[in-house]
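S.K.: Next one to model:
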Amino acid sequence: MTAAVDNSATPSLRQRLEGAGLRLRPGLGGFWAWWTQALASWLPARMRSLLGLARERMLLQRSGDELRLALVREDGMRTVGSLPWTPGEAAREDDVLASLLPSRLVDMPRWLLLPAGAGLRRRLSLPAAAAERLRDVVAFEIDRQTPFSAADVHYDARVVARRGEQLDADLVVVPRATMDAALASLGNLAGTVAGVDMAGEDGAPLGINLLSDAARRRRADPWRAWNWAFAVVAVVAVALAMWQFLSNRNAVADAFAQQADARARQARGVADEKRQLVDLVEGMAFLQRTRAARPTTVEVLDELGRRLPDSTYLEKLSIEGNQILLIGQSSEASALVGQLEGSTLWRSPALTGALQPDPRTGRDRFTLSAQLAVDEAPSNPGAANARGQR
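M.R.: Next comes the predicted model:
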């Protein structure tokens, strides 16, 4: 039994993809199966076998007084060996294979392989949508395609080819009596059988399971607990990573906010200093303009010294705002107004009150007022500055 596995028993990648495409429509289960198989195909064969992802099984086939063992893998089928199988061996209560095979082979699913002549095969043409529930669909074809009724046989079907909206499927039926006899010949090993397949014309399994859903032995996944543990660890790790990422982002946001506040305070301080500087510059400019627009006290005193006669002396000179007030004595008091007129430093000189003779000095006491000449807006800043520097 060294023949290669039939291509129909091991679907091609295209067939698996097409089958997955049909399974995707009704739900998520088909997509999950296709996705896990696609991921597993990238792993080495030894790693797939270690993780329980490799589609491996042990075939048991009765041939006369021998029980032949064959190992089916994705890359083919190879014979493991054979052992005598007498009624005495079949009657043993212990698992005879457990003491003969390595532990890795003992844990593999065991399948009974029926000879090609144990049942009937019929080729059916069905709609492509029937692939999703192929076993239920072909159950209605047993009465028409075989001389048996559905209650008298064990059956299964497999997809052989797809043609657009149609598919070709093989219906395989085995009489219940033949199936029961084959299982009974295994003795105690019949309870360990996970499925029943039938050999094709080349001796390779067809890739079907003739056991009913109720009779199929579900194999416990030894990695199920570890898978759940790994899944929980992965979820916790992802949650911690997301929490750490969020915490880091919050820390960065807080640091950025503090930096922005510091920059804002610095900007406000710079703005205040700039405003103070602008106010100072504007104030100095205002003072300079004001100073340039009005005569200085030195200029007023110099002008008075040149215009007042020598017989006149001042007792008081005050400049308050734009008002000039002169109090003094002069022998020419009545002529002072005429002498002060025409000056560019003041306007409208006039005597205030009557002249009062002073018998002691022989001069007249006078009080004279004038308006200081102030330019509202100097048209020549250079001249105003020159005036301010005098």
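
S.K.: Show the average pLDDT along stretch 203-212.
M.R.: Mean pLDDT, stretch 203-212: 86.

S.K.: List the buried residues in that stretch.
M.R.: Within stretch 203-212, the residues scored as buried using 16 or more other Cβ atoms under 10 Å are Gly203, Ala204, Pro205, Leu206, Gly207, Ile208, Asn209, Leu210, Leu211. In short, each C-beta sits where N, CA and C put it, glycine included.

S.K.: For Arg123, see how far away the third one is.
M.R.: Here the distance between Pro205 and Arg123 works out to 18 Å (Cβ to Cβ, to the nearest Å).

S.K.: same check, this time on the first one
M.R.: Using Cβ to Cβ, one obtains 20 Å as the distance from Gly203 to Arg123.

S.K.: which stretches of the stretch 151-300 of the chain have low pLDDT?
M.R.: Per-residue confidence for the stretch 151-300 of the chain (pLDDT under 70) gives these ranges: 216-223.

S.K.: And the helices in it, which stretches?
M.R.: Along the stretch 151-300 of the chain, the stretches classed as helices by DSSP state H, counting those that start in this stretch are 176-184, 224-293, 297-307.

S.K.: show me where this structure has strands.
M.R.: For the chain, the strands defined by DSSP state E cover 57-63, 66-73, 76-84, 110-114, 120-127, 153-163, 166-175, 193-198, 312-320, 323-330, 346-351, 356-358, 363-372.

S.K.: Check those for me and report the most buried one.
M.R.: Highest mean neighbour count among those (mean count of other Cβ atoms under 10 Å): strand 110-114, with a mean of 24.

S.K.: Kindly state the beta-bridge partners for Arg122.
M.R.: Counting by DSSP bridges, Arg122 forms beta bridges with Leu171.

S.K.: What is the nearest of the buried residues of stretch 203-212 to Thr192?
M.R.: Closest to Thr192 out of the buried residues of stretch 203-212 is Leu211 (12.7 Å), distances taken as Cβ to Cβ.

S.K.: about what we covered before: with distance to Phe286 added, can I get the strands of the chain in JSON lines?
M.R.: As requested, those are exported to JSON lines (distance: least, Cβ to Cβ, whole Å):
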{"stretch": "strand 57-63", "distance to Phe286": "103"}
{"stretch": "strand 66-73", "distance to Phe286": "101"}
{"stretch": "strand 76-84", "distance to Phe286": "104"}
{"stretch": "strand 110-114", "distance to Phe286": "107"}
{"stretch": "strand 120-127", "distance to Phe286": "99"}
{"stretch": "strand 153-163", "distance to Phe286": "97"}
{"stretch": "strand 166-175", "distance to Phe286": "99"}
{"stretch": "strand 193-198", "distance to Phe286": "104"}
{"stretch": "strand 312-320", "distance to Phe286": "20"}
{"stretch": "strand 323-330", "distance to Phe286": "22"}
{"stretch": "strand 346-351", "distance to Phe286": "23"}
{"stretch": "strand 356-358", "distance to Phe286": "42"}
{"stretch": "strand 363-372", "distance to Phe286": "18"}
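
S.K.: among those, which gets the worst mean confidence?
M.R.: Among these, strand 76-84 scores lowest, with a mean of 81.

S.K.: any idea of the angle that one forms with strand 110-114?
M.R.: If you take axes from the mean of the first three to the mean of the last three Cα atoms, to 10 degrees, strand 76-84 sits at 90 degrees to strand 110-114.

S.K.: domain parsing for this protein?
M.R.: Per the record, the chain has its domains at 13-221, 223-293, 297-374, by automatic domain parsing.

S.K.: Name all residues that make contact with Ser82.
M.R.: When contacts are counted by Cβ atoms under 8 Å, 6 or more residues apart in numbering, Ser82 touches Ser63, Glu66, Leu67, Arg68, Leu69.

S.K.: please redo it, this time with the cut-off set to 7 Å
M.R.: Residues counted as contacts of Ser82 (Cβ atoms under 7 Å, 6 or more residues apart in numbering) are Glu66, Leu67, Arg68, Leu69.

S.K.: Would you confirm that His154 contacts Leu171?
M.R.: No: in this structure His154 lies outside contact range of Leu171 using Cβ atoms under 7 Å: 12.0 Å.

S.K.: follow-up on the earlier one: need the buried residues of stretch 203-212 in JSON lines (columns: distance to Gly187).
M.R.: Converted to JSON lines, the buried residues of stretch 203-212 look like this (distance: Cβ to Cβ, whole Å):
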{"residue": "Gly203", "distance to Gly187": "24"}
{"residue": "Ala204", "distance to Gly187": "26"}
{"residue": "Pro205", "distance to Gly187": "22"}
{"residue": "Leu206", "distance to Gly187": "25"}
{"residue": "Gly207", "distance to Gly187": "26"}
{"residue": "Ile208", "distance to Gly187": "24"}
{"residue": "Asn209", "distance to Gly187": "21"}
{"residue": "Leu210", "distance to Gly187": "19"}
{"residue": "Leu211", "distance to Gly187": "18"}
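
S.K.: Farthest-apart pair in these, please.
M.R.: Maximum pairwise distance among the buried residues of stretch 203-212 (Cβ to Cβ): 20.9 Å, between Gly203 and Leu211.

S.K.: Look up the pLDDT of Ser379 for me, please.
M.R.: At Ser379, the model reports a pLDDT of 44.

S.K.: what about Ala151, how many neighbours?
M.R.: By other Cβ atoms under 10 Å, 7 other residues sit near Ala151.

S.K.: hmm, I was thinking of Gly164
M.R.: Gly164 has 6 neighbours, counted by other Cβ under 10 Å.

S.K.: follow-up on the earlier one: right, and the pair among the contacts of Ser82 with maximum separation?
M.R.: Greatest spacing in the contacts of Ser82, by Cβ to Cβ: Glu66 and Leu69 (9.9 Å).

S.K.: Let me have the contacts of Ser82 in CSV, adding distance to Asn227 as columns.
M.R.: Converted to CSV, these look like this (distance: Cβ to Cβ, whole Å):
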residue, distance to Asn227
Glu66, 39
Leu67, 34
Arg68, 34
Leu69, 29
